[in-house]
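**Student:** Mind looking at a prediction? Sequence and model below.
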Amino acid sequence: MPGLLNRASRLRAWTTGLARGRSGNVTILFALSLLPMVGLIGYGVDYGVAITDKAKLDAAADAAAIAAVATAKAYIAANPSQANVTANAIAAGIAQATSAFNVNIGTVPFAQVQLQTPQLVRTSQTLKSTIIYSATVRNNFGAIFRSPTTTFSNTVTASADLASYLDFYLLLDVSGSMGLPATTAGMSQLAAKNNDLNSDYKQGCQFACHYPNNNGWNLAAGKIQLRSDALNSAVCSLIQQASTPSVTSQYRVGLYPFINQMGTLADINSSIATLNTAADCADTTPWPLALTKLLDTGTTQLYTNNDPSTGTGSGGTHFEVVLPQMKTAITNAGGFGDGSSISARKPFVFLVTDGMQNGQHYSVTKNGKYYYPGNPSTFPGYTAGNFDGSSPAQIDPSLCTALKSAGATISILYIPYNIITFTDYGGTVAAENKKVNAFSPTLATPLQSCASPGYFYTANSPDDIKNSLNAMFYQALQVARLTQ
């Protein structure tokens, strides 16, 4: 037994020593791991401080970037005619951005912050600001591990579009073909009763001819909508879109009907009230409306100084005369700008036409110049005008090049001829109808070439005409914002 007890005593002593040794090892291991644990916690604290500081600085940079463009935009809007307005606006924007940044950062714990001078540039109608800052944050725990600071930086940009100053020159075809009813149903309705030109046509004429002694005019009067009526309604709708008080200083609209030449119904400097009056836009205005009144009568309208060589002319459709006249009108109204200011307005020419060129005249010539006195003459001292022969053709797209090259955007609304149905009994009118029907399908392609890329519309009904003209207007506004 004594031997057994001795062995038991030795076993207890050994296990007790082992336990004491393990306890000492745990203490040592814990002591050794405490330092990195404290370091990790310290790093977490330092990281949290840095993240908080960065969020505050980022918010301040955002505010500064927005303040820069907002201040500059407001300055330009308030001082559109000021010399060096852009430079002054940029200086004001930079000063405001710096102030906004400093105010918004307030106190940033343990940080030294450096703000680069804000950048603000104007590219045509777009302002863009750039804010760059850097910061160094002192680490309270990281210094123990030879990481005394945390550094970070950020770049923030903001942009704003300036108001674009746009001129809309509505070049409106009022040649005889715009006296066609606006729908095929209307054409059939008119033809069923109209005996104009029966001596050679031998069936009802589908034109509401606006010449003396022609019945079509009276038969259509307020009962059958003509293409000129539909166009007039569309023009009034566009004027309404441009008449919002907030944009009336930005957009101008002028009305320029044409036949052989371009006349002026309301020039580009006209007020909204003047435009509405000139285009007979009041709901109480009886038929015919302004553009229908201007349909070819055989004598010039919108003439000046009692001179029958001025005004719309008569008898044909002469793009080769009208488009150069439009270029002159734009030049005289201030030229071809980029839309960046009141003195640099960007011109859009809205050409609304059936696309049929016709080289004829209803005129007299004197000293190599065409005069349009009518038949019978309505101008004292001028003999009656006469036709010199119909010659329908396509538009020559190169006629549009000078306008586009100068800086105008040409937007075209093509109103195709409705095919004229008739029985061919021979005669002048039947021959004319055959010419028109043959040419009609070929007119769209050269008109597309005349238009600026992406600015060609086709309208086949009164609703199409209205919707397309409004779409042309809004497209011009949208592209001005996106590209400038």
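**Tutor:** Done, it's in. Numbering: from 1, shown residues only.
**Student:** quick one: what helix or strand has Ile412 in it?
**Tutor:** strand 409-414 (DSSP states H and E).
**Student:** Past that strand, which element shows up next along the chain?
**Tutor:** Counting by DSSP H and E, what follows strand 409-414 is helix 428-439.
**Student:** Show me what that next one is packed against.
**Tutor:** On a contact count with 3 or more C-beta pairs under 8 Å, 6 or more residues apart in numbering; DSSP states H and E, helix 428-439 meets helix 198-201, strand 392-394. Yep, even glycine has a C-beta here, placed from its N, CA and C like the rest.
**Student:** And the ones you listed, which one averages the lowest pLDDT?
**Tutor:** In terms of mean pLDDT, the lowest-scoring of the helices and strands packed on helix 428-439 is helix 198-201 (a mean of 54).
**Student:** Report the next helix or strand after it in sequence order.
**Tutor:** Taking DSSP H and E, what comes next after helix 198-201 is helix 215-220.
**Student:** Using PDB, list the CA coordinates for that following helix.
**Tutor:** Output of helix 215-220 as PDB, limited to C-alpha atoms (Å, rounded to 0.1, in the frame of the first residue of the first chain):
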ATOM      1  CA  ASN A 215     -66.400  78.100-108.000                       C
ATOM      2  CA  GLY A 216     -64.100  75.900-106.000                       C
ATOM      3  CA  TRP A 217     -63.200  78.700-103.600                       C
ATOM      4  CA  ASN A 218     -66.800  79.300-102.700                       C
ATOM      5  CA  LEU A 219     -67.700  75.600-102.500                       C
ATOM      6  CA  ALA A 220     -64.800  75.000-100.000                       C
END
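**Student:** tell me the mean pLDDT for whichever helix or strand comes after that helix?
**Tutor:** Following helix 215-220 in sequence order, the next helix or strand is helix 227-241 (DSSP H and E). The average of the pLDDT scores along helix 227-241 is 91.
**Student:** Check which residues of helix 227-241 are buried.
**Tutor:** 227-239 (16 or more other C-beta atoms under 10 Å).
**Student:** Tabulate those residues (JSON lines), appending distance to Asn214.
**Tutor:** Listed next are the buried residues of helix 227-241 as JSON lines, based on distance: C-beta to C-beta, whole Å:
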{"residue": "Arg227", "distance to Asn214": "17"}
{"residue": "Ser228", "distance to Asn214": "15"}
{"residue": "Asp229", "distance to Asn214": "17"}
{"residue": "Ala230", "distance to Asn214": "21"}
{"residue": "Leu231", "distance to Asn214": "21"}
{"residue": "Asn232", "distance to Asn214": "20"}
{"residue": "Ser233", "distance to Asn214": "24"}
{"residue": "Ala234", "distance to Asn214": "26"}
{"residue": "Val235", "distance to Asn214": "25"}
{"residue": "Cys236", "distance to Asn214": "27"}
{"residue": "Ser237", "distance to Asn214": "30"}
{"residue": "Leu238", "distance to Asn214": "31"}
{"residue": "Ile239", "distance to Asn214": "31"}
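**Student:** Out of these, which two sit at the greatest distance?
**Tutor:** Arg227 and Ile239 (18.8 Å; C-beta to C-beta).
**Student:** Could you pull up the mean pLDDT of the helix or strand where Ala135 lies?
**Tutor:** When elements are assigned from DSSP H and E, Ala135 belongs to strand 126-138. Confidence for strand 126-138, expressed as mean pLDDT, is 91.
**Student:** Equivalent analysis for stretch 160-173, please.
**Tutor:** The model assigns stretch 160-173 a mean pLDDT of 87.
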